[in-house]
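J.: A predicted structure for the sequence below; I have some questions about it.
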Amino acid sequence: MSPGRAARRLGSGLGAGSGGSARVPPGNARRRATLRRGWGPPPHQVDTSLLWLCILEMAAPKVAVVGAGVIGLSTAMCILETCPSCSVTVFSDQFSPNTTSDVAAGMLIPHTYPGTPIHVQKQWFKETFTYLFAISQSAEASEAGIHLVSGWQVFKNTPKEELPFWSDVVLGFRPMSKAELQKFPQHQFGQAFTTLKCDCPPYLLWLEKRLKATGVQMYTRKVADLWELHSEYNVVVNCAGIGAHQLVGDKELFPVRGQVLKVHAPWVKNFIRNGDGLTYIYPGIHRVTLGGTREVESWSLSPDPGTTKDIFDRCCSLEPSLRRAQDIKVKVGLRPSRWCVRLEREVLSQGGVKLPVVHNYGHGAGGFSVHRGTAKEAACLVGECIAALQVSSSKAKL
Ligand SMILES: Cc1cc2nc3c(=O)[nH]c(=O)nc-3n(C[C@H](O)[C@H](O)[C@H](O)COP(=O)(O)OP(=O)(O)OC[C@H]3O[C@@H](n4cnc5c(N)ncnc54)[C@H](O)[C@@H]3O)c2cc1C
Ligand SMILES: O=C([O-])CC(=O)C(=O)O
(Lines give C-alpha, C1' and ligand atoms only; values in the text may rest on other atoms or scores of the structure.)
(Ligands and ions follow the chains in the order given, each with its own letter.)
Protein backbone atom coordinates (compact mmCIF):
# COMPACT_ATOMS: atom_id res chain seq x y z
CA MET A 1 0.00 0.00 0.00
CA SER A 2 1.42 3.43 -0.91
CA PRO A 3 2.08 5.86 1.95
CA GLY A 4 -0.63 8.20 0.62
CA ARG A 5 -3.16 5.39 0.45
CA ALA A 6 -2.21 4.14 3.90
CA ALA A 7 -2.61 7.65 5.30
CA ARG A 8 -5.99 7.91 3.64
CA ARG A 9 -7.17 4.59 5.06
CA LEU A 10 -6.14 5.81 8.50
CA GLY A 11 -7.58 9.22 7.88
CA SER A 12 -11.13 8.74 9.10
CA GLY A 13 -10.36 10.44 12.39
CA LEU A 14 -9.68 13.86 10.97
CA GLY A 15 -7.34 16.54 12.13
CA ALA A 16 -7.18 20.26 11.43
CA GLY A 17 -8.17 21.35 7.96
CA SER A 18 -10.31 18.29 7.36
CA GLY A 19 -13.67 19.66 8.41
CA GLY A 20 -13.92 17.17 11.26
CA SER A 21 -14.99 19.68 13.89
CA ALA A 22 -17.76 21.36 11.94
CA ARG A 23 -21.03 22.26 13.63
CA VAL A 24 -24.02 20.22 12.46
CA PRO A 25 -27.31 22.08 12.66
CA PRO A 26 -30.53 20.03 12.90
CA GLY A 27 -31.82 19.06 9.47
CA ASN A 28 -35.53 19.84 9.88
CA ALA A 29 -35.04 23.59 10.33
CA ARG A 30 -33.25 24.01 7.06
CA ARG A 31 -34.34 26.24 4.23
CA ARG A 32 -33.20 25.24 0.79
CA ALA A 33 -32.91 27.40 -2.27
CA THR A 34 -32.25 25.50 -5.44
CA LEU A 35 -30.61 27.40 -8.25
CA ARG A 36 -31.16 25.39 -11.34
CA ARG A 37 -28.73 26.10 -14.09
CA GLY A 38 -31.43 25.30 -16.56
CA TRP A 39 -30.58 23.76 -19.88
CA GLY A 40 -29.17 26.87 -21.49
CA PRO A 41 -25.89 27.03 -23.33
CA PRO A 42 -23.35 24.44 -22.19
CA PRO A 43 -20.59 25.79 -19.93
CA HIS A 44 -18.08 26.20 -22.72
CA GLN A 45 -20.44 28.66 -24.45
CA VAL A 46 -21.06 30.75 -21.33
CA ASP A 47 -18.91 33.86 -20.89
CA THR A 48 -17.11 32.88 -17.72
CA SER A 49 -14.45 35.61 -17.79
CA LEU A 50 -16.19 37.77 -15.15
CA LEU A 51 -16.80 34.72 -13.04
CA TRP A 52 -13.14 33.71 -13.01
CA LEU A 53 -12.09 37.29 -12.33
CA CYS A 54 -14.21 37.12 -9.16
CA ILE A 55 -12.65 33.77 -8.23
CA LEU A 56 -9.13 35.11 -8.71
CA GLU A 57 -9.91 37.77 -6.14
CA MET A 58 -10.76 35.13 -3.49
CA ALA A 59 -7.53 33.54 -2.26
CA ALA A 60 -7.62 29.75 -2.54
CA PRO A 61 -11.34 29.01 -2.23
CA LYS A 62 -11.81 25.73 -0.34
CA VAL A 63 -13.92 23.08 -2.03
CA ALA A 64 -14.94 19.73 -0.52
CA VAL A 65 -16.00 16.93 -2.88
CA VAL A 66 -17.99 14.07 -1.31
CA GLY A 67 -17.51 10.79 -3.20
CA ALA A 68 -14.61 9.04 -4.91
CA GLY A 69 -16.31 7.16 -7.72
CA VAL A 70 -15.80 8.23 -11.33
CA ILE A 71 -18.04 11.27 -10.79
CA GLY A 72 -16.36 12.59 -7.63
CA LEU A 73 -12.82 12.12 -8.92
CA SER A 74 -13.48 13.59 -12.35
CA THR A 75 -15.39 16.51 -10.82
CA ALA A 76 -12.46 17.22 -8.48
CA MET A 77 -10.17 17.14 -11.54
CA CYS A 78 -12.34 19.56 -13.54
CA ILE A 79 -12.60 21.97 -10.58
CA LEU A 80 -8.80 22.11 -10.42
CA GLU A 81 -8.48 22.53 -14.17
CA THR A 82 -10.92 25.43 -14.26
CA CYS A 83 -9.89 26.98 -10.93
CA PRO A 84 -6.23 26.14 -10.24
CA SER A 85 -6.21 28.41 -7.18
CA CYS A 86 -8.91 26.30 -5.50
CA SER A 87 -7.91 23.97 -2.69
CA VAL A 88 -9.84 20.73 -3.24
CA THR A 89 -10.37 17.94 -0.67
CA VAL A 90 -12.13 14.63 -1.40
CA PHE A 91 -14.07 12.87 1.38
CA SER A 92 -15.41 9.39 0.77
CA ASP A 93 -16.41 6.39 2.81
CA GLN A 94 -15.10 4.11 0.04
CA PHE A 95 -12.38 4.46 -2.58
CA SER A 96 -11.38 2.19 -5.47
CA PRO A 97 -11.70 -0.81 -5.62
CA ASN A 98 -14.84 -0.62 -3.45
CA THR A 99 -17.12 1.78 -5.35
CA THR A 100 -19.95 1.15 -7.83
CA SER A 101 -17.67 2.68 -10.44
CA ASP A 102 -15.24 -0.23 -9.93
CA VAL A 103 -17.97 -2.74 -10.81
CA ALA A 104 -19.00 -1.01 -14.04
CA ALA A 105 -18.07 -2.33 -17.45
CA GLY A 106 -16.95 1.21 -18.33
CA MET A 107 -18.18 1.14 -21.94
CA LEU A 108 -18.90 4.43 -23.67
CA ILE A 109 -22.39 3.63 -24.92
CA PRO A 110 -24.81 6.22 -23.52
CA HIS A 111 -28.04 5.46 -21.75
CA THR A 112 -30.89 7.92 -22.10
CA TYR A 113 -32.01 10.06 -19.14
CA PRO A 114 -35.70 10.81 -19.86
CA GLY A 115 -35.61 14.08 -17.88
CA THR A 116 -32.59 15.59 -19.63
CA PRO A 117 -32.75 17.12 -23.13
CA ILE A 118 -31.02 14.97 -25.70
CA HIS A 119 -28.74 17.79 -26.91
CA VAL A 120 -27.39 18.11 -23.35
CA GLN A 121 -26.80 14.37 -23.06
CA LYS A 122 -25.09 14.39 -26.44
CA GLN A 123 -22.82 17.24 -25.35
CA TRP A 124 -21.88 15.37 -22.15
CA PHE A 125 -21.11 12.23 -24.16
CA LYS A 126 -19.13 14.10 -26.79
CA GLU A 127 -16.96 15.82 -24.19
CA THR A 128 -16.32 12.50 -22.45
CA PHE A 129 -15.53 10.72 -25.71
CA THR A 130 -13.14 13.45 -26.86
CA TYR A 131 -11.34 13.50 -23.50
CA LEU A 132 -10.91 9.73 -23.29
CA PHE A 133 -10.02 9.40 -26.97
CA ALA A 134 -7.07 11.73 -26.41
CA ILE A 135 -5.94 9.58 -23.47
CA SER A 136 -6.33 6.42 -25.54
CA GLN A 137 -3.91 7.88 -28.11
CA SER A 138 -1.35 8.94 -25.49
CA ALA A 139 1.41 7.27 -23.51
CA GLU A 140 -0.98 7.27 -20.51
CA ALA A 141 -3.46 4.91 -22.21
CA SER A 142 -2.34 1.68 -20.60
CA GLU A 143 -1.96 3.04 -17.06
CA ALA A 144 -5.31 4.83 -17.33
CA GLY A 145 -6.95 1.66 -18.70
CA ILE A 146 -8.50 3.41 -21.71
CA HIS A 147 -8.73 1.72 -25.09
CA LEU A 148 -10.72 1.67 -28.30
CA VAL A 149 -12.90 -1.36 -28.90
CA SER A 150 -14.93 -2.34 -31.95
CA GLY A 151 -17.99 -4.55 -32.02
CA TRP A 152 -21.68 -5.00 -32.56
CA GLN A 153 -24.99 -4.13 -30.98
CA VAL A 154 -27.54 -6.69 -32.19
CA PHE A 155 -31.34 -6.66 -32.13
CA LYS A 156 -33.94 -9.42 -32.44
CA ASN A 157 -36.27 -6.84 -34.01
CA THR A 158 -35.27 -3.71 -35.86
CA PRO A 159 -35.46 -0.82 -33.34
CA LYS A 160 -37.72 2.18 -34.01
CA GLU A 161 -34.73 4.46 -33.77
CA GLU A 162 -32.12 3.05 -36.13
CA LEU A 163 -29.74 5.97 -35.55
CA PRO A 164 -29.19 6.65 -31.83
CA PHE A 165 -28.33 10.24 -30.84
CA TRP A 166 -24.73 9.26 -30.21
CA SER A 167 -24.15 7.57 -33.57
CA ASP A 168 -21.99 10.41 -34.94
CA VAL A 169 -19.86 10.62 -31.79
CA VAL A 170 -18.61 7.03 -31.76
CA LEU A 171 -16.41 6.02 -34.67
CA GLY A 172 -17.51 4.36 -37.90
CA PHE A 173 -21.15 3.78 -36.92
CA ARG A 174 -22.96 1.76 -39.62
CA PRO A 175 -25.62 -0.92 -39.98
CA MET A 176 -24.19 -4.44 -39.90
CA SER A 177 -23.88 -6.28 -43.17
CA LYS A 178 -25.81 -9.51 -43.87
CA ALA A 179 -22.52 -11.42 -43.66
CA GLU A 180 -21.80 -9.99 -40.20
CA LEU A 181 -25.33 -10.78 -39.01
CA GLN A 182 -24.81 -14.45 -39.90
CA LYS A 183 -22.76 -14.75 -36.72
CA PHE A 184 -25.96 -13.93 -34.77
CA PRO A 185 -28.70 -16.21 -36.15
CA GLN A 186 -31.26 -15.09 -33.52
CA HIS A 187 -30.90 -11.42 -34.46
CA GLN A 188 -32.15 -9.64 -37.55
CA PHE A 189 -30.59 -6.18 -37.26
CA GLY A 190 -27.35 -4.78 -35.92
CA GLN A 191 -25.08 -1.77 -35.60
CA ALA A 192 -21.30 -1.90 -35.89
CA PHE A 193 -19.11 0.80 -34.37
CA THR A 194 -15.93 1.55 -32.48
CA THR A 195 -16.12 3.14 -29.06
CA LEU A 196 -13.97 3.55 -25.95
CA LYS A 197 -13.81 1.40 -22.85
CA CYS A 198 -12.43 2.29 -19.43
CA ASP A 199 -10.99 -0.50 -17.35
CA CYS A 200 -12.58 1.00 -14.29
CA PRO A 201 -10.26 0.31 -11.32
CA PRO A 202 -7.13 1.43 -13.25
CA TYR A 203 -8.92 4.53 -14.48
CA LEU A 204 -10.03 5.46 -10.94
CA LEU A 205 -6.50 4.93 -9.62
CA TRP A 206 -5.11 7.05 -12.45
CA LEU A 207 -7.52 9.85 -11.56
CA GLU A 208 -6.60 9.56 -7.86
CA LYS A 209 -2.89 9.67 -8.70
CA ARG A 210 -3.28 12.80 -10.81
CA LEU A 211 -5.35 14.50 -8.14
CA LYS A 212 -2.79 13.74 -5.43
CA ALA A 213 -0.02 15.01 -7.68
CA THR A 214 -1.78 18.39 -7.78
CA GLY A 215 -2.06 18.47 -3.97
CA VAL A 216 -5.63 17.24 -3.51
CA GLN A 217 -6.12 15.68 -0.07
CA MET A 218 -8.25 12.53 0.18
CA TYR A 219 -9.81 11.26 3.39
CA THR A 220 -11.77 8.13 4.17
CA ARG A 221 -14.81 9.47 5.93
CA LYS A 222 -18.55 8.94 5.79
CA VAL A 223 -20.28 12.30 5.66
CA ALA A 224 -23.59 12.02 7.48
CA ASP A 225 -24.68 15.58 6.69
CA LEU A 226 -23.23 18.12 4.23
CA TRP A 227 -23.33 20.70 7.06
CA GLU A 228 -20.43 18.84 8.69
CA LEU A 229 -18.22 20.54 6.12
CA HIS A 230 -19.55 24.07 6.27
CA SER A 231 -17.15 25.64 8.76
CA GLU A 232 -14.07 24.68 6.75
CA TYR A 233 -15.19 24.79 3.12
CA ASN A 234 -16.58 27.52 0.91
CA VAL A 235 -18.38 25.09 -1.41
CA VAL A 236 -19.41 21.43 -1.01
CA VAL A 237 -19.88 19.19 -4.05
CA ASN A 238 -22.12 16.15 -3.64
CA CYS A 239 -20.96 13.24 -5.83
CA ALA A 240 -22.18 10.48 -3.52
CA GLY A 241 -23.86 8.31 -6.17
CA ILE A 242 -26.50 6.07 -4.60
CA GLY A 243 -25.27 7.35 -1.21
CA ALA A 244 -27.14 10.60 -1.95
CA HIS A 245 -30.37 8.74 -1.18
CA GLN A 246 -29.43 8.90 2.50
CA LEU A 247 -27.06 11.88 2.46
CA VAL A 248 -29.55 14.39 1.08
CA GLY A 249 -32.74 12.31 1.40
CA ASP A 250 -33.35 12.23 -2.35
CA LYS A 251 -36.43 10.04 -2.83
CA GLU A 252 -36.17 10.35 -6.62
CA LEU A 253 -32.92 8.38 -6.52
CA PHE A 254 -33.22 4.58 -6.58
CA PRO A 255 -30.86 1.65 -7.05
CA VAL A 256 -30.85 -0.52 -10.16
CA ARG A 257 -28.85 -3.55 -9.11
CA GLY A 258 -26.40 -4.92 -11.65
CA GLN A 259 -24.51 -8.20 -11.45
CA VAL A 260 -21.61 -8.87 -13.82
CA LEU A 261 -18.89 -11.47 -14.29
CA LYS A 262 -15.26 -10.54 -14.95
CA VAL A 263 -13.61 -13.46 -16.76
CA HIS A 264 -10.32 -14.42 -18.35
CA ALA A 265 -10.98 -14.93 -22.10
CA PRO A 266 -8.17 -13.09 -23.90
CA TRP A 267 -9.21 -14.32 -27.35
CA VAL A 268 -12.41 -12.21 -27.22
CA LYS A 269 -11.50 -8.95 -28.96
CA ASN A 270 -14.85 -7.47 -30.04
CA PHE A 271 -17.74 -6.28 -27.90
CA ILE A 272 -21.22 -7.71 -28.38
CA ARG A 273 -24.27 -6.07 -26.84
CA ASN A 274 -27.83 -7.26 -27.12
CA GLY A 275 -29.99 -4.24 -28.00
CA ASP A 276 -32.20 -4.85 -24.94
CA GLY A 277 -29.15 -3.93 -22.82
CA LEU A 278 -29.44 -7.06 -20.69
CA THR A 279 -26.74 -9.23 -22.20
CA TYR A 280 -23.30 -7.92 -23.08
CA ILE A 281 -19.71 -9.01 -23.59
CA TYR A 282 -17.13 -6.25 -23.17
CA PRO A 283 -13.44 -7.08 -23.60
CA GLY A 284 -11.11 -4.97 -21.47
CA ILE A 285 -7.33 -4.83 -21.41
CA HIS A 286 -7.03 -7.76 -18.99
CA ARG A 287 -10.49 -9.24 -18.46
CA VAL A 288 -13.82 -9.53 -20.25
CA THR A 289 -16.96 -8.22 -18.52
CA LEU A 290 -20.08 -10.35 -19.02
CA GLY A 291 -23.44 -8.90 -18.11
CA GLY A 292 -25.84 -8.36 -16.81
CA THR A 293 -28.95 -7.62 -14.78
CA ARG A 294 -31.12 -4.57 -14.06
CA GLU A 295 -33.08 -5.04 -10.83
CA VAL A 296 -34.97 -1.89 -9.98
CA GLU A 297 -35.11 -0.96 -6.25
CA SER A 298 -32.95 -3.90 -5.16
CA TRP A 299 -30.36 -2.87 -2.55
CA SER A 300 -28.68 -6.28 -2.30
CA LEU A 301 -24.93 -6.33 -2.89
CA SER A 302 -24.70 -10.12 -2.56
CA PRO A 303 -23.95 -12.05 -5.75
CA ASP A 304 -26.68 -14.50 -6.70
CA PRO A 305 -25.34 -17.88 -7.99
CA GLY A 306 -28.45 -18.53 -10.13
CA THR A 307 -27.97 -15.14 -11.80
CA THR A 308 -24.28 -15.92 -12.41
CA LYS A 309 -25.24 -19.06 -14.34
CA ASP A 310 -27.94 -17.22 -16.25
CA ILE A 311 -25.55 -14.41 -17.30
CA PHE A 312 -22.92 -16.93 -18.34
CA ASP A 313 -25.41 -18.94 -20.44
CA ARG A 314 -26.81 -15.82 -22.12
CA CYS A 315 -23.31 -14.61 -23.03
CA CYS A 316 -22.30 -18.05 -24.32
CA SER A 317 -25.31 -18.08 -26.60
CA LEU A 318 -24.00 -14.82 -28.16
CA GLU A 319 -20.33 -15.93 -28.16
CA PRO A 320 -20.03 -19.74 -27.73
CA SER A 321 -16.23 -19.63 -27.28
CA LEU A 322 -16.87 -18.12 -23.83
CA ARG A 323 -17.55 -21.66 -22.54
CA ARG A 324 -13.73 -21.86 -22.27
CA ALA A 325 -13.52 -18.71 -20.10
CA GLN A 326 -11.62 -19.10 -16.84
CA ASP A 327 -11.25 -17.46 -13.45
CA ILE A 328 -14.82 -16.15 -13.20
CA LYS A 329 -15.24 -13.37 -10.62
CA VAL A 330 -18.70 -12.04 -9.74
CA LYS A 331 -19.35 -8.36 -8.94
CA VAL A 332 -22.49 -6.47 -7.94
CA GLY A 333 -23.14 -2.73 -8.05
CA LEU A 334 -26.07 -0.38 -7.49
CA ARG A 335 -26.61 2.04 -10.36
CA PRO A 336 -27.56 5.45 -8.89
CA SER A 337 -30.68 5.93 -11.01
CA ARG A 338 -32.89 8.93 -11.44
CA TRP A 339 -35.22 10.52 -13.98
CA CYS A 340 -32.38 12.93 -14.75
CA VAL A 341 -28.86 13.48 -13.44
CA ARG A 342 -29.02 15.95 -10.54
CA LEU A 343 -26.62 18.63 -11.69
CA GLU A 344 -27.49 21.88 -10.00
CA ARG A 345 -26.60 24.46 -7.36
CA GLU A 346 -28.37 24.64 -4.06
CA VAL A 347 -27.83 27.05 -1.16
CA LEU A 348 -28.45 25.41 2.21
CA SER A 349 -29.30 27.92 4.88
CA GLN A 350 -29.51 27.66 8.64
CA GLY A 351 -29.80 30.49 11.13
CA GLY A 352 -28.36 33.02 8.68
CA VAL A 353 -25.45 30.74 7.72
CA LYS A 354 -25.36 29.72 4.08
CA LEU A 355 -23.65 26.72 2.50
CA PRO A 356 -23.36 26.62 -1.30
CA VAL A 357 -23.68 23.07 -2.60
CA VAL A 358 -23.28 21.66 -6.10
CA HIS A 359 -24.96 18.30 -6.73
CA ASN A 360 -23.62 15.93 -9.37
CA TYR A 361 -25.15 12.47 -8.94
CA GLY A 362 -27.78 10.14 -10.36
CA HIS A 363 -25.91 8.93 -13.46
CA GLY A 364 -27.67 5.53 -13.45
CA ALA A 365 -26.33 3.14 -16.06
CA GLY A 366 -24.32 5.76 -17.91
CA GLY A 367 -21.86 7.37 -15.49
CA PHE A 368 -18.74 6.46 -17.44
CA SER A 369 -20.27 7.52 -20.75
CA VAL A 370 -20.95 11.08 -19.60
CA HIS A 371 -18.67 11.63 -16.60
CA ARG A 372 -16.33 14.22 -18.09
CA GLY A 373 -19.19 16.30 -19.53
CA THR A 374 -21.08 16.41 -16.24
CA ALA A 375 -17.87 17.03 -14.28
CA LYS A 376 -17.10 20.08 -16.44
CA GLU A 377 -20.58 21.41 -15.89
CA ALA A 378 -20.33 20.82 -12.12
CA ALA A 379 -16.97 22.66 -12.07
CA CYS A 380 -18.64 25.59 -13.80
CA LEU A 381 -21.36 25.60 -11.11
CA VAL A 382 -18.66 25.60 -8.42
CA GLY A 383 -17.18 28.66 -10.14
CA GLU A 384 -20.59 30.35 -10.01
CA CYS A 385 -20.88 29.59 -6.27
CA ILE A 386 -17.46 31.10 -5.59
CA ALA A 387 -18.23 34.16 -7.67
CA ALA A 388 -21.49 34.63 -5.73
CA LEU A 389 -19.61 34.35 -2.42
CA GLN A 390 -17.12 36.93 -3.64
CA VAL A 391 -19.90 39.32 -4.63
CA SER A 392 -21.65 38.98 -1.25
CA SER A 393 -18.41 39.44 0.68
CA SER A 394 -17.59 42.58 -1.38
CA LYS A 395 -21.07 43.95 -0.63
CA ALA A 396 -20.58 43.23 3.08
CA LYS A 397 -17.34 45.28 3.04
CA LEU A 398 -19.11 48.32 1.58
C1 LIG B 1 -23.00 -3.68 -13.39
C2 LIG B 1 -22.81 -2.27 -13.85
C3 LIG B 1 -22.29 -2.03 -15.10
C4 LIG B 1 -22.13 -0.71 -15.54
N5 LIG B 1 -21.59 -0.50 -16.76
C6 LIG B 1 -21.46 0.77 -17.20
C7 LIG B 1 -20.92 1.01 -18.50
O8 LIG B 1 -20.51 0.10 -19.22
N9 LIG B 1 -20.85 2.30 -18.94
C10 LIG B 1 -21.29 3.35 -18.17
O11 LIG B 1 -21.22 4.49 -18.63
N12 LIG B 1 -21.78 3.14 -16.93
C13 LIG B 1 -21.88 1.89 -16.44
N14 LIG B 1 -22.41 1.66 -15.20
C15 LIG B 1 -22.91 2.81 -14.43
C16 LIG B 1 -21.80 3.45 -13.61
O17 LIG B 1 -21.17 2.47 -12.83
C18 LIG B 1 -22.35 4.54 -12.70
O19 LIG B 1 -23.15 5.45 -13.42
C20 LIG B 1 -21.20 5.31 -12.06
O21 LIG B 1 -20.27 4.40 -11.51
C22 LIG B 1 -21.71 6.26 -10.99
O23 LIG B 1 -20.58 6.87 -10.45
P24 LIG B 1 -20.63 7.68 -9.09
O25 LIG B 1 -19.27 8.23 -8.87
O26 LIG B 1 -21.79 8.60 -9.11
O27 LIG B 1 -21.01 6.58 -8.00
P28 LIG B 1 -20.06 5.64 -7.12
O29 LIG B 1 -19.05 4.96 -7.94
O30 LIG B 1 -21.00 4.79 -6.32
O31 LIG B 1 -19.32 6.64 -6.16
C32 LIG B 1 -19.99 7.26 -5.08
C33 LIG B 1 -18.94 7.59 -4.05
O34 LIG B 1 -19.54 8.31 -3.00
C35 LIG B 1 -19.13 7.75 -1.76
N36 LIG B 1 -20.19 8.06 -0.78
C37 LIG B 1 -21.50 7.78 -0.87
N38 LIG B 1 -22.16 8.27 0.22
C39 LIG B 1 -21.22 8.88 0.98
C40 LIG B 1 -21.25 9.58 2.22
N41 LIG B 1 -22.39 9.75 2.89
N42 LIG B 1 -20.09 10.08 2.74
C43 LIG B 1 -18.91 9.90 2.07
N44 LIG B 1 -18.83 9.26 0.88
C45 LIG B 1 -19.97 8.75 0.34
C46 LIG B 1 -18.97 6.27 -2.07
O47 LIG B 1 -18.17 5.63 -1.10
C48 LIG B 1 -18.30 6.36 -3.43
O49 LIG B 1 -16.93 6.60 -3.28
C50 LIG B 1 -22.54 0.36 -14.71
C51 LIG B 1 -23.03 0.11 -13.44
C52 LIG B 1 -23.17 -1.18 -13.00
C53 LIG B 1 -23.69 -1.45 -11.62
O1 LIG C 1 -25.78 -1.41 -20.65
C2 LIG C 1 -24.59 -1.59 -20.87
O3 LIG C 1 -24.10 -1.74 -22.00
C4 LIG C 1 -23.63 -1.60 -19.72
C5 LIG C 1 -24.11 -0.72 -18.70
O6 LIG C 1 -24.02 0.48 -18.84
C7 LIG C 1 -24.82 -1.26 -17.54
O8 LIG C 1 -24.93 -2.46 -17.35
O9 LIG C 1 -25.28 -0.43 -16.76
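T.: Ah, there it is. Ligands and ions are numbered 1, 2, ... in the order given.
J.: longest helix of the protein?
T.: Secondary structure of the chain per DSSP state H: the longest helix is helix 367-397.
J.: That one close to ligand 2?
T.: No - judged by CB under 6 Å from any ligand atom, helix 367-397 and ligand 2 are separated, with a smallest distance of 7.4 Å. C-beta: built from backbone N, CA, C; applies to glycine.
J.: other SSEs contacting that helix?
T.: Judged by 3 or more CB pairs under 8 Å, 6 or more residues apart in numbering; DSSP states H and E, helix 367-397 is in contact with helix 49-57, helix 70-82, helix 100-103, helix 118-136, strand 235-238, strand 342-350, strand 353-361.
J.: Pick out the residue in the chain sitting closest to ligand 2.
T.: Ala365 (3.3 Å; CB to the nearest ligand atom).
J.: if I look at that residue, how far off is Val103?
T.: Distance of Ala365 to Val103, computed by CB to CB, to the nearest Å: 12 Å.
J.: just Tyr113 next, same as before
T.: Separation of Tyr113 from Val103 (CB to CB): 20 Å.
J.: Same check on Cys83?
T.: For Cys83 relative to Val103 (CB to CB), the value is 31 Å.
J.: quick revisit: which neighbours do Ala365 and Val103 have in common?
T.: Any residue near both Ala365 and Val103 by CB atoms under 8 Å, 6 or more residues apart in numbering counts here, and that gives Gly258.
J.: Based on its surroundings, how many neighbours for the residue nearest to Phe125 when sequence neighbours are not counted?
T.: Leaving aside its chain neighbours, Phe125 sits nearest to Pro110 (4.9 Å; criterion: CB to CB, 6 or more residues apart in numbering). As a burial measure, Pro110 scores 24 neighbours (other CB atoms under 10 Å).
J.: what's the pLDDT at Pro110?
T.: Listed pLDDT for Pro110 reads 96.
J.: which SS state does the residue of the chain closest to ligand 2 fall under?
T.: Under DSSP: H, G, I helix; E, B strand; the rest coil, Ala365 falls in the helix class.
J.: Then Tyr219?
T.: Of the three states, Tyr219 takes strand under three-state DSSP.
J.: wait, it sits on Thr89?
T.: Yes - assessed by CB atoms under 8 Å, Tyr219 is found in contact with Thr89 at 7.0 Å.
J.: quick one: which of the two has more around it?
T.: When Tyr219 and Thr89 are compared on other CB under 10 Å, the one with more neighbours turns out to be Tyr219, at 24 against 21.
J.: which residues does that one form a beta bridge with?
T.: Phe91 (DSSP bridges).
J.: and if you look at Cys198?
T.: Note on Cys198: beta-bridge partners Ile146, judged by DSSP bridges.
J.: Please apply the same query to Pro255.
T.: With beta bridges defined as DSSP bridges, Pro255 has these partners: Pro336.
J.: Give me the pLDDT value at it.
T.: So, for Pro255, pLDDT stands at 98.
J.: go on, Asp47?
T.: If you check Asp47, the pLDDT there is 49.
J.: count of residues packed around Asn157?
T.: 10.
J.: got the contact list for it?
T.: Residues near Asn157 by CB under 8 Å, 6+ apart: Gln188, Phe189.
J.: cool, Lys262 as well?
T.: By CB under 8 Å, 6+ apart, the residues touching Lys262 are Arg287, Val288, Thr289, Leu290, Ile328, Lys329, Lys331.
J.: what's the farthest-apart pair in the residues you listed?
T.: Using CB to CB, those span at most 12.9 Å, a distance reached by Val288 and Lys331.
J.: The two: which is more packed in?
T.: Neighbours per residue (other CB under 10 Å) separate Val288 from Lys331, with Val288 holding more: 23 against 19.
J.: Got phi/psi on the more buried one?
T.: Main-chain dihedrals, Val288, degrees, to the nearest 10: phi -110, psi 130.
J.: From Lys329, how far out is it?
T.: Separation of Val288 from Lys329 (CB to CB) stands at 11 Å.
J.: quick one: common contacting residues for the two?
T.: Joint contacts of Val288 and Lys329 (CB under 8 Å, 6+ apart) are Lys262, Val263.
J.: List the buried residues in stretch 264-277.
T.: Residues of stretch 264-277 classed as buried: Ala265, Val268, Phe271, Ile272, Arg273, Asn274, Gly275 (neighbour count, 16 or more other CB atoms under 10 Å).
J.: quick one: average pLDDT of it?
T.: For stretch 264-277, the mean confidence score works out to 97.
J.: One more: stretch 316-334?
T.: 97.
J.: Not counting that stretch itself, show me its contacts.
T.: 100, 102-104, 154, 184, 186, 242, 255-265, 267-268, 272, 274, 279, 281, 287-288, 290, 298-303, 308, 312, 315.
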